[in-house]
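> predicted structure and sequence below. I'll ask about it afterward.
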Amino acid sequence: MLESISADCLTDELRKAGLHVRQEVRIGLVYDGMSFVAAAIVEDEVLLELKSVENLLAVHEKQTRTDLRFTACRLALLMNFGAPMLKDGLRRYIAGSTTGP
């Protein structure tokens with residue numbers, strides 16, 4: 001499934017559950033007048049980075065860690081909807097942590 005479709009469906013389900021979700025949120029990183037966007041932020045606490053790829057790569061993890069560093073979020077979830085089972089494509093990152101997922 002495409003990342004955009006997965007993001008819309010997940011956002012809809014989270015909102016139905018009563019959570020506040022913002023999609024395509026500009027993060028606090030600005031370079032040469034350009035600002036950058038994170039996938040979604042839930043309850044101003046959890047950054048969601050969504051992918052739909054066969055395998056997560058180091059670049060996906062680095063992007064998630066970088067986005068987390070430039071938000072006020074305490075936690076980030078990298079979710080790969082391309083994994084055979086969602087639990088196999090789920091990574092968790094804690095702000096300020098230097099250890100792996």
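All right, it came through fine. Numbers count the residues shown, from 1 in each chain.
> what's downstream of the one helix or strand I5 maps to, the next helix or strand?
I5 belongs to helix 3-16 when assigned by DSSP states H and E. Proceeding N to C from helix 3-16, the next assigned helix or strand is strand 21-31, under DSSP H and E.
> mind listing the strands that following strand pairs with, and their directions?
Strand 21-31 has the following strand partners under DSSP bridges: strand 34-42 (antiparallel).
> next secondary structure after the partner strand?
By DSSP H and E, the next helix or strand past strand 34-42 is strand 46-51.
> quick one, that following strand and strand 34-42 angle?
Relative orientation of strand 46-51 versus strand 34-42 (axes from the mean of the first three to the mean of the last three C-alpha atoms, to 10 degrees): 110 degrees.
> quick one: buried residues of the helix or strand immediately after strand 46-51 in the chain?
For strand 46-51, the following helix or strand on the C-terminal side (DSSP H and E) is helix 58-69. Residues of helix 58-69 classed as buried under the neighbour-count rule (16 or more other C-beta atoms under 10 Å) are H60, E61, Q63, T64, R65, D67, L68. Just so you know, the C-beta spots here come from the backbone N, C-alpha and C atoms, and that holds for glycine as well.
> list the residues that contact the fourth one.
Contact partners of T64, counting by C-beta atoms under 8 Å, 6 or more residues apart in numbering, are L47, E49, A76, L78, R91, Y93.
> want to throw those into JSON lines with neighbour count and distance to L29?
Shown next, in JSON lines, are the contacts of T64 (neighbours: other C-beta atoms under 10 Å; distance: C-beta to C-beta, whole Å):
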{"residue": "L47", "neighbour count": "26", "distance to L29": "13"}
{"residue": "E49", "neighbour count": "23", "distance to L29": "14"}
{"residue": "A76", "neighbour count": "26", "distance to L29": "15"}
{"residue": "L78", "neighbour count": "24", "distance to L29": "18"}
{"residue": "R91", "neighbour count": "17", "distance to L29": "21"}
{"residue": "Y93", "neighbour count": "23", "distance to L29": "16"}
